[in-house]
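Kindly generate the corresponding structure for this input.
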Amino acid sequence: MAEVAIQQDWLGPAFQQYGLLVLSMLLAGLFAGFVAGMFGIGGGFVVVPALAAVLTVLPHDGGNEHIMHVAIGTSLATIFFTSLRSVQAHAKRGAVDWNILKGWLPWVVAGVIAGVVLTSFMDGEQLKIAFGVFLIPLGLQFIFRILGRKAKTEESMPKGPVRAALGSGLGAFSSLLGIGGGTPAILIMTMSGVNMHRAVATAAGFGTIIAVPGAIGSMVTGFGQPHLPVGSIGFVNLIALASITAMSILTAPLGAAAAHSLDPVKLKRIFGCYLLVTAAFMLKDSIPVAAMWAQVTGAA
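Model (predicted):
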């Protein structure tokens, strides 16, 4: 009887905790899939903050120093399914430029591998700061279009060493943050004269390219690490992966349809505001502003 009571006591909180994870990730998947289809991004800007917040309450065998690693690795895994669904939806409209994807493939993959290796040497706080800091210029770009106002009138994508450098940087940047690389990819394409709708559609393909080596690398580098949430293979949590994917593959086509039918300017500004709020959330505990202010006021 005592054993049964102990099991019931354990199962109750555990089911509540995992219920929170599943529900939160289902909602995150709905939003991530829609924005992935709408903006040609992988949805990592939605998934990583949500995972970072929820995974801290799950049962694990000690510390939580790998929470950000799991959030980033799981995000990369979800991006494969989300971006693939988004690409399929855009391809039906003939908007995906397969030649661009083929030309950039090897350089992006090389960058992803380098980014995954770099991530394994960084701790959770460093990753959180990197994620938050990188969100700020991207959010401002969505709101104000700081870059891309003077796009070329004729299409001329980078080639040779420039393409190699940009592609590798794009892959490393994306795998470091757990994103699909859609935002920088769209910037590169639109500034090179690619039509906006075709740039968004093709950017979704970049997410698929980035996700495969990124997710595999996260599993390998995280395999055998201590203090991982239950249900994780390396730095990929299968419970969150299944929950997010189940919803995102449903809403990605809706976002793609909206991208071809709605005015994207207002939606981009709203999403830019979301990115800035997310950056503040990620940085609030990592940058000790309150402690610094207390020291200043105390000294005064």
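
Please tell me I have it right and residue 175 contacts residue 214.
Yes - counting by CB atoms under 8 Å, residue 175 does reach residue 214; the two are 4.4 Å apart. Yep, even glycine has a C-beta here, placed from its N, CA and C like the rest.

intersection of neighbour lists for these two?
Common neighbours of residue 175 and residue 214, using CB atoms under 8 Å, 6 or more residues apart in numbering, are 76, 112, 115, 116.

Let's have the residues you listed in a markdown table, adding distance to residue 122.
As requested, the shared contacts of residue 175 and residue 214 are exported to a markdown table (distance: CB to CB, whole Å):
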| residue | distance to residue 122 |
| --- | --- |
| 76 | 15 |
| 112 | 16 |
| 115 | 10 |
| 116 | 11 |
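
Turn the buried ones among those into a named ChimeraX selection, would you?
Remark: buried members of the shared contacts of residue 175 and residue 214, expressed as a ChimeraX selection using 16 or more other CB atoms under 10 Å:
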select :76,112,115,116
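
From the shared contacts of residue 175 and residue 214, which land in helices?
76, 112, 115, 116 (DSSP state H).

Correct me if wrong: residue 68 contacts residue 124.
Yes - Residue 68 is in contact with residue 124 according to CB under 8 Å; the separation is 4.1 Å.

Identify the residues contacting residue 164.
Taking CB under 8 Å, 6+ apart, one finds residue 107 in contact with residue 164.

Please report how far it lies from residue 109.
12 Å (CB to CB, to the nearest Å).

Of residue 68 and residue 124, give the one with the bigger neighbour count.
The neighbour comparison of residue 68 against residue 124 (other CB atoms under 10 Å) goes to residue 68, with 27 against 19.

residue contacts, the more buried one?
Residues near residue 68 by CB under 8 Å, 6+ apart: 52, 124, 125, 127, 128, 131.

ranking those by neighbours, who comes first?
Highest neighbour count within the contacts of residue 68, by other CB under 10 Å: residue 131, with 26 neighbours.

and the strand or helix carrying it, which residues are buried?
Assessed by DSSP states H and E, residue 131 sits inside helix 124-144. Using 16+ other CB under 10 Å as the test for burial, helix 124-144 gives 124, 127-132, 134-135, 138-139, 141-143.

what ranges do the strands span in this protein?
With DSSP state E, the ranges of strands along the chain come out as 232-233, 236-237.

Columns mean pLDDT on top of those, output as JSON lines?
Compiled in JSON lines, the strands of the chain are given as follows (pLDDT from 0 to 100):
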{"stretch": "strand 232-233", "mean pLDDT": "90"}
{"stretch": "strand 236-237", "mean pLDDT": "92"}
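
among these, which is nearest residue 200?
Nearest to residue 200, of all the strands of the chain, is strand 236-237, at 27.1 Å by CB to CB.

can you list the residues that contact the closest one?
Contacts for strand 236-237 (CB under 8 Å, 6+ apart): 51, 55, 70, 73-74, 76-77, 215, 218-219, 222, 228-229, 231.

Show me the one in the residues you listed that has more neighbours than the rest.
Among those, the one with the most neighbours (other CB under 10 Å) is residue 76, at 37 neighbours.
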